[in-house]
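1. The following block contains a protein sequence and its predicted model.
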Amino acid sequence: MNRSLSAASWAEVGSPMLRDPRALVADLHRVHRPAPGTVVVGVLDQLGRVAAGASFPAAQGSQRPGGGDGWQYRNALLAHLRRIIPHDLRRPSPVRTAVLMLCRRGGRNWTAEDGAWMWALHDASTLHGLRCGAYVTLTDEGWQVLGDGRRGRTPHAGSWAHETVRTVSALPVRAIGGAVRAHGAPGAVRAGTR
């Protein structure tokens, strides 16, 4: 079974277009500060605002050095979705949308790893009762929403290094919607809800 999507088959998934991709990417980057090799999964509410999010090392979704397949990535995404937000499986149709941002080195072109993460996002969204949303890459050249071609130069894969935190006591803490979220160093597993 092929647990990967090509760039062309991703377009056929019919993911809803983001209202303001630049703001979404900036928000996810500000909260999670992803370094290359980090996955950020976000859940958007009905108005397209980030309701919950988590970040984790991309290698966490792989049991093989150098990459995994969509099934392993799907399991990693589901584990994080279950931690950050209840499923919507009892609803007649999905009202929230899952989005994924992969921070990686290299250019904007589609890669086999992107295909595996796309399959994983689509399957994990279905299994958690969510709509499958946008797949965003954050590379050395900037960010790009794969499938609709919208892109920007900042943030990019190296942006996290400009805000490196030196000690745990220096980490900023802020309350969002009653939940307190501490921002960790790049590469740490983080989760938060709004």
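-> Structure received. Keep in mind it's a predicted model, so treat the numbers as computed, not measured. Numbers count the residues shown, from 1 in each chain.

2. what ranges do the strands span in the chain?
-> 38-44, 50-57, 97-103, 131-139, 142-146, 151-152, 173-176, 179-182, 190-193 (DSSP state E).

3. who touches the shortest one?
-> The set of residues external to strand 151-152 that reach it, using CB atoms under 8 Å, 6 or more residues apart in numbering, is 21-22, 25, 108, 142-145. Every C-beta, even on glycine, is put in place using the N, C-alpha and C of the backbone.

4. and residue 106, how far is that from residue 79?
-> 26 Å (CB to CB, to the nearest Å).

5. Ok, residue 96 next?
-> Residue 96 is 18 Å from residue 79, by CB to CB.

6. So those two - more neighbours on which side?
-> residue 96 (21 against 14; other CB atoms under 10 Å).

7. What separation do you get for the more buried one and residue 72?
-> As judged by CB to CB, residue 96 and residue 72 stand 24 Å apart.

8. What is the burial count for the nearest residue to residue 85 once chain neighbours are set aside?
-> Closest residue to residue 85 apart from its sequence neighbours, by CB to CB, 6 or more residues apart in numbering: residue 52 at 4.3 Å. Counted with other CB under 10 Å, the neighbours of residue 52 add up to 22.
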